[in-house]
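Engineer: From the sequence below, what's the structure:
(chains A and B, ligands or ions: 2)
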Amino acid sequence: MTPVPNPKFEWMNQSRQWGVRVKPGKKGLTLGSLNVGIYGEVPTEWNDQTRNPRGAIARRGMPPVGYAIREKAGIWADCAADLYEEAIQRRWAPATDVPWDTIEPLPDDVERAVCQVCTELSQYANVDIETISSWQHQMAYGYHEVKQFLATATFDAGRHYEVFRKRALRNGGGLGLESPGEVNRMILESRGGWTEAVTYLFLLRGTYAMTMLRYLERFAHNDAERFIYGHVIQDRARHMAYALDHLKYSVAHVEDQTTVLATLLFIGDRLFARELRDPVLREALAIIFGGGVEGARTHGMATWEAMMREFMARYEGTCEWLRVRRAPDRIPEEMRRFLPEAD
Amino acid sequence: MSEAVQLDTGHELDLGWMDQHGQWDTKAEQSKYGLTLADIQIGEYGDAPVESDNQTGRPRGAAERPGSYRIGNYAVRTKSEIWLDNASFLYEEALQRQWSSATDIPWHTIEPLPDDIEQAQCTMDTFLTEVEFVAGDVPARWISQTTPDFFEARNVLLCQVMDESRHMDVFRKRALANGGGLMKATGGTAGVVGSIDLSRDFTEMSSRLHISGEGAVLTIFRMGELMAYNDAEKAIYRLCAQDEARHVAFGVMHMRYMAETAPERHEEIHCYLDEAERGILAGSQNPAGQFPTTSESMAILLGGGKKHFDEGRNKLIAIRRRQLSEYIKRVRSAGFGDRFDNGRSQVPEILADIAA
Ligand SMILES: [Fe+2]
Ligand SMILES: [Fe+2]
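Structural biologist: Ligands and ions are numbered 1, 2, ... in the order given. Predicted coordinates:
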C-alpha cells in the first residue's frame, strides 16, 4: 500500500475568492469580521445539502446530509456572530468562579424554597439543552454564525443545569419537586420549525425566566447566589437578544408571520396559565421574597405579584415591538390580571 | 396538591410541596478544584441508574410528581450505552480550558507565505471547517436523546459541541487571514454509509467519531508544530489538540466502561471498529489518509513547499504511522485489544507495511 500516491495537485488554484486578508480589530479576529466579499454573502435559501463551508467551491454530486432548515428567514439573526464571540469572552466556571464559601445556613423554610427554585431552574436548563440540541443538526451549514452561536447557548445551558444543582446540594438541603411539565412539553414539541421553538423557548419561557432571575438576584442571600443569578442573567440575555432579533427578522421576511406568532402565543398562553395555577414555584418564590413562610403570606406574595406584572409588561412589550396583535380579552385570566391596565 | 389559591386577597398557601423533595441534609463540600461535579455526586444524587426510567426530564434525585407528563422519549437510557467513569473530570477540565479564537491566537504573527504553502494551508482549513461541523452536529443530536439521568456524560458532549464550533471558526479565520481564501470542499463528510452521521447507536457513533475520526485528527494536531509557519498556527494546533484530547478520552473511557459492563455487546463493538478501520482510518475523512486533496496539501506544508514534496511525503508517512500506533493503543486501552492479537484487525499489518 502506498500511503501517499504521486501528486497531481488538481486541487490547486481553485478558489472563488482569493487574496482575502482580514485583520484583527479591537476585539481580536472576530467571526463577524470574516464576512467580506463572497464570504459575507448569506443567501436567502441554502440549497447545498453538504457541509460545504460558505464561500468554498462545492464538490458536486455528493449525497445530501438532509438539513430541514435551509431558509435564512427560519434561522437568521444579524447579531449571532457578535453574540457568539461575546459568549466566549464572558465564559465562567461554576466550580471555581462562584464564591461557594459565602453560603451560610439559612432558615429551613427558606432553604427549602431556594432548593425548589433551583430544581425548577435546573429543569428549565434541561429543556433549553434538549430543545436547541434537537434542532442544531437540522440547520443548514450556510448559516454557520447561528449554528455557532447556538453551540454557546447549549454550553451555557449545560452550565446552568450544573450550577443550580450545585447550589441545591451545597447548603444542607437537596433537590425539590420536579416541574409539572406542561410548558416543557410544549417547548419540546414545537415541531413547526425553529422559529416556533424560539417563540416558546425564549419569547414566552425566556422572558418569564429572566424576570424571575432578576428578582432572585435582588433577594439573593449571599454572594454565591448573587453571582449565580447575575451570571445566568448575563448568559440568558444573549439568548434573548438572538431570539428577539431572529423573530424580528422572521416577521419582516415571512408572510403572515405576525398572525402565526399570535396564534402560537394564544395556544402557548393557555398552557402557561394552567401551569401558573400550580402553587409550587409561586410559593417557593414568595417564601424567598418574604424571607420565610410568614412573610410569604404578605409581602412575599405581593412581591411575586409585582414580578408577574413586570413579566407581563415585558412580554406584551416584546409582542408589540414585533407587531404581534394581542387582544387582552383573549389572554387567559391568570395572566391578564397582571397587565398594566389591569391595575 | 390542591389549587387553593386566592390571588388577590389573603394569600393562603398550600405548602404541601415543602415535604416533597429528594434526599435532604445534603452538604457538598468543595475540593481542591472548587465545587466540582464530582463533589456533588454524593448520597442518592451520585447514583446514575443502570436503566433510567426517567421520562419526565426530572433532575436526578428530585422528587417525582405523579402527574408529570412523560415528555422525555429518550433513546439513550441504559447507562452502559453512554457512561464513562471520568465524565465529571472531563467536564470541569473543558470549562477551565475554554479559549477564544478571536483573542487567544497571536494573529499578528502571520506573515505572507509562498503561494503554494498558502494554498495548501487554505485547503486544509477548508477541509477542517467541513469536518469540525460533523463533530458538532452529531453529538448535539445525541445530547437531545439522552436522559438527564446521565447528565455528566451529556455535559461533556455539550462542551464538545462548543469546542467544535470554535475549531470550525478558527480554521475559517485562518483561511481568510493571510491573503488566501477558502478552496474547494472535499465533500468527505456527506451522508454516506459508514460515516459518522449514520449511527443508530451511541457507542457505534462514538467508535467512529471519538476513537478513529478524532483520534486521527488529534495525532495531526499534536504534530502541528511541523506544519506551522508562525506562532498563530502553532497556537491553533496546540489549543485544538488540547480539546481533541478530551473528545478522544471521552470515547476511550466510554468504550472501556462498555467493555467492563456490557460483555454481551463485545462482538458488536468489534464490528463497529471493523467498519471504522475500513472507512475513516483510510478514507477521505482522515487528512493524512489517501485522499489526494488533503494528503498533498499536508505534504506541501510538512515539506516546506511543492518543491520539497518528497520530504513532506516522508513526514506525512511518519504521521500516518503515529496515527495507527496511537489508534492501536487507544483501542487496547478501551478493552478491545484482542482484535490486534487475533488477526481480526488489519491495522498492525498496514503499520508494518508503512514502516517497511
Ligand atoms: Fe475538533
Ligand atoms: Fe473534536
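
Engineer: Give me the mean pLDDT for stretch B:164-172.
Structural biologist: Averaging pLDDT along stretch B:164-172 gives 97.

Engineer: Over to stretch B:28-41?
Structural biologist: Computed over stretch B:28-41, the average pLDDT equals 97.

Engineer: Mind listing what's buried along that stretch?
Structural biologist: B:28, B:30, B:34-41 (16 or more other C-beta atoms under 10 Å in any protein chain shown). Any C-beta I mention is one placed from the backbone N, CA and C, and that applies to glycine too.

Engineer: from the residues you listed, which single one is nearest ligand 2?
Structural biologist: Set against ligand 2, the nearest of these by C-beta to the ion is residue B:37 (20.6 Å).

Engineer: how far away is the closest one from residue B:87?
Structural biologist: Residue B:37 is 8 Å from residue B:87, where distance means C-beta to C-beta, to the nearest Å.

Engineer: Tell me where the stretch 101-250 of chain A has helices.
Structural biologist: Assigned by DSSP state H, counting those that start in this stretch, the stretch 101-250 of chain A shows helices spanning A:108-136, A:144-168, A:182-188, A:194-198, A:205-218, A:223-253.

Engineer: Next, the angle helix A:144-168 makes with the longest one.
Structural biologist: It stands for helix A:223-253. 150 degrees (axes from the mean of the first three to the mean of the last three C-alpha atoms, to 10 degrees).

Engineer: hmm, helix A:223-253 in reach of chain B?
Structural biologist: No - judged by C-beta under 8 Å from any C-beta of the partner chain, helix A:223-253 stays clear of chain B, getting no closer than 9.4 Å.

Engineer: where's that helix relative to the chain centroid, distance-wise?
Structural biologist: 6 Å (C-alpha atoms, centre = their mean, to the nearest Å).

Engineer: which non-adjacent residue is nearest whichever residue of the stretch 201-343 of chain A sits closest to ligand 2?
Structural biologist: Proximity of the stretch 201-343 of chain A to ligand 2 (C-beta to the ion) peaks at residue A:235, 23.4 Å away. Closest residue to residue A:235 apart from its sequence neighbours, by C-beta to C-beta, 6 or more residues apart in numbering or on different chains: residue A:156 at 4.2 Å.

Engineer: Excluding chain neighbours, what is closest to the spatially most central residue of chain A?
Structural biologist: Chain A has residue A:239 as the residue nearest its centroid, 4.0 Å off, counting by C-alpha atoms, centre = their mean. Nearest residue to residue A:239, sequence neighbours excluded (C-beta to C-beta, 6+ apart): residue A:153, at 5.3 Å.

Engineer: Distance of the one you found relative to residue A:103?
Structural biologist: 28 Å.

Engineer: interface residues of the stretch 151-300 of chain B facing chain A?
Structural biologist: Counting by C-beta under 8 Å from any C-beta, the stretch 151-300 of chain B sits next to chain A at B:151, B:154-155, B:158-159, B:161-162, B:164-166, B:168-169, B:172-173, B:175-187, B:189-192, B:197, B:290, B:292-293, B:295-297, B:299.

Engineer: Now, the residues you listed that are in helices?
Structural biologist: B:151, B:154-155, B:158-159, B:161-162, B:164-166, B:168-169, B:172-173, B:175, B:292-293, B:295-297, B:299 (DSSP state H).
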